[in-house]
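A.B. asks: can't give you the sequence, but here's the structure:
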């Protein structure tokens with residue numbers, strides 16, 4: 001069997017869930033501000049706010065959120081995502097962008113036309129980058145599992161990193 005390109009994920013980490021049906025990905029962050037975040041372009045009005053970027057790997061393997069999938073991506077859909085993100089950027093539509101696209105070296109079994117003809121395709125990994133990778137699913141999953149402490153952690157992270165101007169002021 002092929003070796004995963006990402007380390008096992010720890011349940012104590014906060015995960016950002018991206019509810020795309022083709023191949024779900026998460027980016028772990030243990031709230032220490034230097035795991036997956038490097039200088040985001042948040043336009044905060046808070047003078048003490050440090051901008052950062054968030055990174056996310058798509059196609060790097062299964063995660064706790066892969067919804068019965070293998071967590072892999074194929075080259076054809078990864079190229080499409082890369083080109084679409086660039087088109088959206090140049091059309092001035094705010095979105096995440098593809099920072100890089102690499103061939104994973106693993107074959108990925110997919111039924112391209114959903115007609116029962118499964119074939120092995122070239123695997124790929126896309127690294128997405130954005131000011132925030134928060135999605136509705138980031139909150140929905142812990143809520144649906146009644147994991148209120150994790151939901152609070154994600155909300156606190158989101159406020160601190162994406163909306164610092166609404167943080168309560170310390171006395």
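C.D. replies: Received it, and whenever you're ready, just let me know what you need. The structure presented is a predicted model; accordingly, all values stated were derived computationally and were not measured.

A.B. asks: Roughly how far does residue 106 sit from residue 164?
C.D. replies: Look at residue 106 and residue 164: by C-beta to C-beta, to the nearest Å, they are 40 Å apart. To be clear about C-beta, it is placed using only N, CA and C from the backbone, and glycine gets the same treatment.

A.B. asks: Which residue of the two possesses the greater neighbour count?
C.D. replies: residue 106 (19 against 15; other C-beta atoms under 10 Å).

A.B. asks: With adjacent residues omitted, what lies nearest to that one?
C.D. replies: Using C-beta to C-beta, 6 or more residues apart in numbering and skipping residues adjacent in sequence, the residue nearest residue 106 is residue 123, 4.1 Å away.

A.B. asks: same question, residue 143
C.D. replies: Of all residues not flanking residue 143 in the chain, residue 151 sits nearest, at 5.6 Å (C-beta to C-beta, 6+ apart).

A.B. asks: That neighbour against residue 139, yeah?
C.D. replies: Yes. Residue 151 is within contact range of residue 139, at 6.4 Å (criterion: C-beta atoms under 8 Å).

A.B. asks: out of these two, which sits in the busier spot?
C.D. replies: Taking neighbours as other C-beta under 10 Å, residue 151 and residue 139 compare with residue 151 leading, 19 against 16.

A.B. asks: I'd like to know how many residues surround residue 140.
C.D. replies: Residue 140 is flanked by 13 other residues according to other C-beta under 10 Å.

A.B. asks: and it, which of the three is it?
C.D. replies: Of the three states, residue 140 takes helix under DSSP: H, G, I helix; E, B strand; the rest coil.

A.B. asks: for residue 73, same thing?
C.D. replies: strand.

A.B. asks: Relative to residue 100, how far out is it?
C.D. replies: Using C-beta to C-beta, one gets 13 Å for the distance from residue 73 to residue 100.

A.B. asks: Residue 123 now?
C.D. replies: Distance of residue 123 to residue 100, computed by C-beta to C-beta: 15 Å.
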